[in-house]
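S.K.: my questions are about this predicted structure, shown below with the sequence.
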Amino acid sequence: MNAREELTDIVAVVKRQLMYNHEIGLETPYLSSRSLAYLERGPQRYPIPSVETLSYHSLHELEQFIGDCDRCKLGKGRKHIVFGEGNPRARLVFR
């Protein structure tokens with residue numbers, strides 16, 4: 001079993017457990033709308049959204065989306081993701 005298949009299996013098990021807990025009347029843990037949507041559609045690797053279609057209100061939100069990204073070969077050897085420098089609460093940002 002490769003890593004993708006294993007993660008798909010784990011997500012399915014968690015989904016079944018959450019559904020079972022709901023059926024027997026247990027209160028479900030808080031899940032963000034993104035997490036709920038992910039559980040509904042299941043894991044999908046492609047297509048990866050383009051930067052232009054994404055909207056984030058803070059660097060923290062962007063960091064949460066990127067997580068432990070390994071889409072390129074740089075991801076294999078790095079220890080931390082670096083966003084850049086400057087004030088994360090700047091009112092104006094140029095790219």
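M.R.: Ah, there it is. Numbers count the residues shown, from 1 in each chain.
S.K.: which residues of the protein fall in helices?
M.R.: For the chain, the helices defined by DSSP state H cover 3-23, 33-41, 59-66, 74-77.
S.K.: of all these, which lies closest to residue 87?
M.R.: Within the helices of the chain, the stretch nearest residue 87 is helix 59-66; the backing value is 9.8 Å (CB to CB). (Each C-beta comes from the backbone N, C-alpha and C, glycine too.)
S.K.: relative to its centre, which residue of the chain is most distant?
M.R.: Outermost residue of the chain with respect to the C-alpha centroid, by CA atoms, centre = their mean, is residue 24; its distance is 28.5 Å.
S.K.: any weak-confidence spans in this protein?
M.R.: For the chain, applying pLDDT under 70 flags the ranges 43-56, 83-84, 93-95.
S.K.: re the thing from before, and of the helices of the chain, who's closest to residue 92?
M.R.: helix 59-66 (14.3 Å).
S.K.: and the closest one, what's buried?
M.R.: For helix 59-66, the buried set under the neighbour-count rule, 16 or more other CB atoms under 10 Å, comprises residue 59.
S.K.: now it against helix 33-41, angle please.
M.R.: 20 degrees (axes from the mean of the first three to the mean of the last three CA atoms, to 10 degrees).
S.K.: surely residue 9 touches residue 1?
M.R.: Yes. With contact defined as CB atoms under 8 Å, residue 9 reaches residue 1; the gap is 7.5 Å.
S.K.: the two - which one has more neighbours?
M.R.: More crowded of residue 9 and residue 1, by other CB atoms under 10 Å: residue 9, with 11 against 8.
S.K.: now do the contacts for that one.
M.R.: Residues near residue 9 by CB atoms under 8 Å, 6 or more residues apart in numbering: residue 1.
S.K.: quick one: the residue sitting nearest the centre point of the chain from residue 25, how far?
M.R.: Centroid-nearest residue in the chain: residue 65, 4.8 Å away (criterion: CA atoms, centre = their mean). Residue 65 sits 34 Å away from residue 25, going by CB to CB, to the nearest Å.
S.K.: residue 41 too?
M.R.: 26 Å.
S.K.: what does residue 38 give?
M.R.: Distance, residue 38 to residue 25, using CB to CB: 24 Å.
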